[in-house]
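Student: What follows is a protein structure lacking sequence information:
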């Protein structure tokens, strides 16, 4: 009986050793993880404030900059990706005409995330709404759910993408708020390209930021605020 | 004794054959010191990429050291700046030999970023 016990003890000892070896590769992965950037923080809420008074009808600079930055074709056929569009609207009764750029509004409660069956459509901690194309199966529910028609489906095989902006056939995509630029301290290409600085980008949660100060001091609205999605993109002058 | 010699000879020959067959000729680009041990990378690079992609995309934790872009920066061919363009390119060469499908580059660019930027700015 005591022999049996000894065997059992030895067996346990060796299995603990084997388990330690089995864990080692995982530990290694953990140890190399040190020294990474901190990642998206929920203390930050990225947003944009678009001043439609400064947005000139006919000017397409933000759209061109977006297409160039993200490697989009720049065509407007039904099957072409458009991450940002210029829209001209007219109030029939007064005759007042307004021009504005429309893109993913980066909602706090995004319907595209609610409907996604694979959890590919997701919101980062800092409020940026993205598609995880590793998971996207191209069902396009999110395109149906989005009240802003902000998303596009990639119909054709892609070549020569921007190394910072992977894009591929069979997945849905939309404005990423130029997340690859934000993560290195930059700002979105559209905001940078606007000749009239009509697009202010910044952290809505930082009370000292230009955007937060302006949102506090001037009248701005969210498009379809009645849906209570709390978009991160706000418009002034509509 | 004769048996021992013949056994050793067989072992040596098979080892030599194995080592030759186990190394497809690759264009390793700049090469040099990799971020991890070469043999470890051969076995585990896919795990680094797979964990890294979720961290980078979903959490914004961009691990420059182990990112796909950093791999490409070093290992893209010095002739065509790509890890996928030719049959002996760094990624394609090995994956072809091992018959493992490589889907990364259906979405990701296989071109060195500096070269891609140069090309775009020339347009």
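Tutor: Okay, I see it. None of these values were measured; they are calculated from a predicted model.
Student: ok, residue B:50 - how many residues close by?
Tutor: 10 (other C-beta atoms under 10 Å in any protein chain shown). Using the backbone N, CA and C atoms, a C-beta is placed for each residue, glycine as well.
Student: Next up, identify which helix or strand it is on.
Tutor: In this structure, residue B:50 sits in helix B:38-59 according to DSSP states H and E.
Student: Not counting its neighbours along the chain, what's nearest residue A:180?
Tutor: Computed as C-beta to C-beta, 6 or more residues apart in numbering or on different chains, the closest residue to residue A:180 that is not its neighbour in sequence is residue A:164, at 4.0 Å.
Student: Show me what the helix holding residue B:50 is packed against.
Tutor: helix A:2-32, helix B:68-75 (3 or more C-beta pairs under 8 Å, 6 or more residues apart in numbering or on different chains; DSSP states H and E).
Student: hmm, 10 Å instead?
Tutor: Contacts defined by 3 or more C-beta pairs under 10 Å, 6 or more residues apart in numbering or on different chains; DSSP states H and E place helix B:38-59 against helix A:2-32, strand A:121-123, strand A:129-131, helix A:179-182, helix B:68-75, helix B:90-98, helix B:104-107.
Student: give the contact list for the residue nearest to residue A:180.
Tutor: Residues in contact with residue A:164 (C-beta atoms under 10 Å, 6 or more residues apart in numbering or on different chains) are A:69-71, A:176, A:178-181, A:183-184, B:69, B:109, B:113, B:116-117.
Student: the helices in chain A, which residues?
Tutor: For chain A, the helices defined by DSSP state H cover A:2-32, A:61-70, A:111-115, A:141-145, A:179-182, A:189-193, A:210-217.
Student: quick one, domains of chain A?
Tutor: Domains of chain A are assigned by automatic domain parsing as A:1-36, A:46-236.
Student: Any chance of CSV for those domains, columns distance to residue B:43?
Tutor: Listed next are these as CSV, based on distance: least, C-beta to C-beta, whole Å:
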stretch, distance to residue B:43
domain A:1-36, 9
domain A:46-236, 22
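Student: which stretch among those domains comes nearest residue B:64?
Tutor: For the domains of chain A, proximity to residue B:64 was assessed by C-beta to C-beta; domain A:1-36 is nearest, at 8.0 Å.
Student: Find me the pLDDT at residue A:96, would you?
Tutor: On pLDDT, residue A:96 comes in at 94.
Student: That one - nearest residue in space that isn't next to it in sequence?
Tutor: Nearest-residue entry for residue A:96: residue A:90, 7.1 Å, with adjacent residues in sequence omitted and distances by C-beta to C-beta, 6+ apart.
Student: who touches residue A:54 in this structure?
Tutor: The contact partners of residue A:54, taken as C-beta under 10 Å, 6+ apart, are A:99, A:194-200, A:236-237.
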